[in-house]
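S.K.: Sharing a model prediction with you, sequence too.
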Protein chains: 2
Amino acid sequence: MTRKNPRPMSDAALGLIARRFAVLAEPMRLRLVHALFAGERHVNALVGEVGGTQANVSRHLQTLMHAHILSRRKEGLQVFYAIADPSIYRLCELVCGSIEKELARQTDAFSGGGR
Amino acid sequence: MTRKNPRPMSDAALGLIARRFAVLAEPMRLRLVHALFAGERHVNALVGEVGGTQANVSRHLQTLMHAHILSRRKEGLQVFYAIADPSIYRLCELVCGSIEKELARQTDAFSGGGR
DNA sequence: GACTAATATGAGCATATACGCATATACTTG
DNA sequence: CAAGTATATGCGTATATGCTCATATTAGTC
């Protein structure tokens, strides 16, 4: 499967794409996103679910917000975060699927048909 | 769109996913992947296409290889790399689509219906 | 084997960023 | 306005990683 006209992409576009991936390249942030798959949560709830300090969780939530992956809603003292970009679901599915396939391939190559 | 039972993921799984994203979080590597969308290339060809030093390109190709995103084929003096994990196509499509949508939304909010 | 070309790698430097600690800000209640 | 709770942020440190330069390795040619 190869594409025809892959014209050079602009540095700006590449930067945006790279940044997007970078935001998702942290276990703690993935934990937060994963927790939010179950629905909206406020900060303390997330701290309880994923562990780590409140400060750290808050920072990562900011990062995800600025990347437009999460949305933020204030209600009294609490701040609720939720998944804002639905493409995240498929993104994670794709990556997980790809990893599972790779692991299966390795397991296979090891125990299965050795030549 | 929320999922029902998002059981906590293992640290190992999260690490693998994060690493996957991290590998794609570099403009230079994205450039290489993008160039390879057009088909197999050898190292020098890639250096010519994406710019940068041979050493740097080689290193990034290693990184993509170890992440099982590229495959490697030696032919005489030259080494050919190619996309090995087809899920990369959809991954890039998804991210690009998401970014485009977000940019459109911002443009809209700015010039369009300001309340 | 000597020489050349293509690719990979070791070392050092510069930069980014995650984390912890302390503290600031925002909101509620009395 | 004082006190308390929930969240955000400034700062310092540790670690990771990208880049460059020089050199090693591998393979082909004479």
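M.R.: Structure received.
S.K.: how about the nearest residue to residue A:91, chain neighbours excluded?
M.R.: Computed as CB to CB, 6 or more residues apart in numbering or on different chains, the closest residue to residue A:91 that is not its neighbour in sequence is residue B:94, at 5.5 Å. C-betas here are computed from N, CA, C, even on glycine.
S.K.: Can you report phi and psi for the residue most central in space within chain A?
M.R.: Nearest residue to the geometric centre of chain A (CA atoms, centre = their mean): residue A:24, 3.9 Å. Torsion angles at residue A:24 (phi, psi; degrees, to the nearest 10) stand at phi -90, psi 0.
S.K.: same question, residue A:9
M.R.: According to degrees, to the nearest 10, residue A:9 has phi -90, psi 150.
S.K.: Now do the same contact list for residue A:87.
M.R.: B:94-95, B:97-98 (CB atoms under 8 Å, 6 or more residues apart in numbering or on different chains).
S.K.: ok, these vs residue A:76, which is closest?
M.R.: Nearest to residue A:76, judged by CB to CB, of these is residue B:98 at 31.6 Å.
S.K.: With adjacent residues omitted, what lies nearest to the closest one?
M.R.: Take residue B:98 and drop its neighbours on the chain: the residue closest to it by CB to CB, 6+ apart is residue A:87, 4.2 Å away.
S.K.: who touches the residue nearest to residue A:91 in this structure?
M.R.: Residue B:94 makes contact with A:87, A:90-91, A:94 under the criterion CB under 8 Å, 6+ apart.
S.K.: Report the buried residues of the helix or strand of chain A with the lowest mean pLDDT.
M.R.: Lowest mean confidence among the helices and strands of chain A (mean pLDDT, DSSP states H and E): helix A:87-111, at a mean of 93. For helix A:87-111, burial by neighbour count (16 or more other CB atoms under 10 Å in any protein chain shown) applies to A:87-89, A:91-92, A:94-95, A:98-99, A:102.
S.K.: Show me the helices in chain A, by range?
M.R.: Using DSSP state H, the helices found in chain A span residues A:11-23, A:27-36, A:43-50, A:54-66, A:87-111.
S.K.: Of these, which is nearest residue B:63?
M.R.: Judging the helices of chain A by CB to CB, what sits closest to residue B:63 is helix A:11-23, at 13.2 Å.
S.K.: Need the contact partners of that closest one.
M.R.: Helix A:11-23 has contacts (CB under 8 Å, 6+ apart) with A:29, A:63-64, A:67, A:69, B:21-22, B:24-27, B:30-31, B:92, B:95-96, B:98-99.
S.K.: ok, that helix near DNA strand D or not?
M.R.: No. Contact of helix A:11-23 with DNA strand D is not found when judged by CB under 7 Å from any atom of the strand; the minimum separation is 9.4 Å.
S.K.: Okay, buried residues for that helix please.
M.R.: By neighbour count on 16+ other CB under 10 Å, the buried set for helix A:11-23 is A:13-14, A:16-18, A:20-23.
S.K.: swap in stretch A:55-74?
M.R.: Buried-residue list, stretch A:55-74, by 16+ other CB under 10 Å: A:57, A:60-61, A:63-64, A:67-70.
S.K.: What about DNA strand C: which of these touch it?
M.R.: Restricting the buried residues of stretch A:55-74 to those near DNA strand C by CB under 7 Å from any atom of the strand leaves A:60, A:63.
S.K.: rewinding a little: I figured the residue nearest to the centre of chain A was touching residue A:30, is that so?
M.R.: Yes. Assessed by CB atoms under 8 Å, residue A:24 is found in contact with residue A:30 at 6.6 Å.
S.K.: Many thanks, have a good one.
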